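1. this is a predicted model, with the sequence first.
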Amino acid sequence: MAQALLRWHDAHQFCSRSGQPTKKNMAGSKRVCPSNKIIYYPQVTPVVITLVSDGTQCLLARQSSFPKGMYSALAGFCDIGESLEEAVRREVAEEVGLEVERLQYSASQHWPFPNSSLMIACHATVKPGQTEIQVNLRELEAAAWFSHDEVAKALRRNGPYTQQLNGTFPFWLPPKLAIAHQLIKEWVEKPICSALPA
Ligand SMILES: NC(=O)C1=CN([C@@H]2O[C@H](COP(=O)(O)OP(=O)(O)OC[C@H]3O[C@@H](n4cnc5c(N)ncnc54)[C@H](O)[C@@H]3O)[C@@H](O)[C@H]2O)C=CC1
């Protein structure tokens, strides 16, 4: 968190209205423009991260920037004017072409990389039978449905894998510190998605 704050101070040295240098307050919690008194507070960007399930399988995806073999839940920044529910539905539709039926909040996490994000984690379901995915290749490299067994095994493995096995990189999941890991673990331990309220 301290590093995220330091990066914010570094990137906000000048007032966007007057162009004058801003001054940090003693506590380091804000910056003020001495000429027009505008106060700048550190920003936190909301990001939704969603584990989609059809009741028996869950959907995991990877971006080309991820380490080889790593799959995660779907994440995306909230747009201005959107509720969290709208952001989840839009992101899932944009990234894999699925329509979310039900969704349930799970937990949140401050994520300092590369800037301060507030990760808001949710479980979502799609209607049984409406599981055909259309991967948006501008955003994702791949996405696929994984069975409960496959995901449970991947949780027990210790990634990251840097070595190929039978010509491919074994699939592995984000580390424990990431809320993506907690979301996937929650689904494996209690596939609540099959019982989400309407
Ligand atoms: N803690 C965790 O478990 C996880 C955290 N994340 C974090 O969630 C964030 C979002 O994930 P992705 O969409 O996969 O990231 P991404 O960094 O691939 O961003 C996707 C696109 O969103 C746009 N974007 C970048 N910053 C933005 C901002 N502040 N507001 C609006 N749009 C912006 C850019 O066009 C970018 O190409 C990233 O910061 C990522 O590190 C993602 C997955 C798991």
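-> That came through fine. Numbering: from 1, shown residues only.
2. ok now the longest helix along the chain, how far from the chain's centre?
-> As assigned by DSSP state H, the longest helix anywhere in the chain is helix 84-96. Remark: helix 84-96 is offset 12 Å from the chain centroid, using Cα atoms, centre = their mean, to the nearest Å.
3. domain parsing for this structure?
-> Domain ranges of the chain: 2-40, 45-193, per automatic domain parsing.
4. I'd assumed residue 187 was in contact with residue 51.
-> Yes: the pair residue 51 / residue 187 is scored as a contact, 5.6 Å apart, by Cβ atoms under 8 Å. Backbone N, C-alpha and C define where each C-beta goes, glycine included.
5. residue 30 is in contact with residue 40, isn't it?
-> Yes: at 6.2 Å, residue 30 and residue 40 qualify as touching, with contact defined as Cβ under 8 Å.
6. got a list of what the residue located most distally from the centre of the chain touches?
-> Relative to the centre of the chain, the most outlying C-alpha is that of residue 35, 38.7 Å out, by Cα atoms, centre = their mean. By Cβ atoms under 8 Å, 6 or more residues apart in numbering, residue 35 lies in contact with 15, 18, 20.
7. that one should be in a helix, yeah?
-> No: counting by DSSP: H, G, I helix; E, B strand; the rest coil, residue 35 falls outside a helix, being coil.
8. so what pLDDT did it get?
-> Predicted confidence (pLDDT) for residue 35: 96.
9. repeat that for residue 67.
-> At residue 67, pLDDT is 89.
10. which SSE is it in?
-> Assigned by DSSP states H and E, residue 67 belongs to no helix or strand.
11. so what's it closest to, chain neighbours aside?
-> residue 160 (5.1 Å; Cβ to Cβ, 6 or more residues apart in numbering).
12. SS state for that neighbour?
-> Residue 160 - assigned by three-state DSSP - is coil.
13. tally of neighbours for it?
-> 16 (other Cβ atoms under 10 Å).
14. so it touches residue 154, yeah?
-> No: here residue 160 does not reach residue 154: they are 11.8 Å apart, not a contact under Cβ under 8 Å.
15. and for the two, which residues touch both?
-> The contact lists of residue 160 and residue 154 share residue 172, where a contact means Cβ under 8 Å, 6+ apart.
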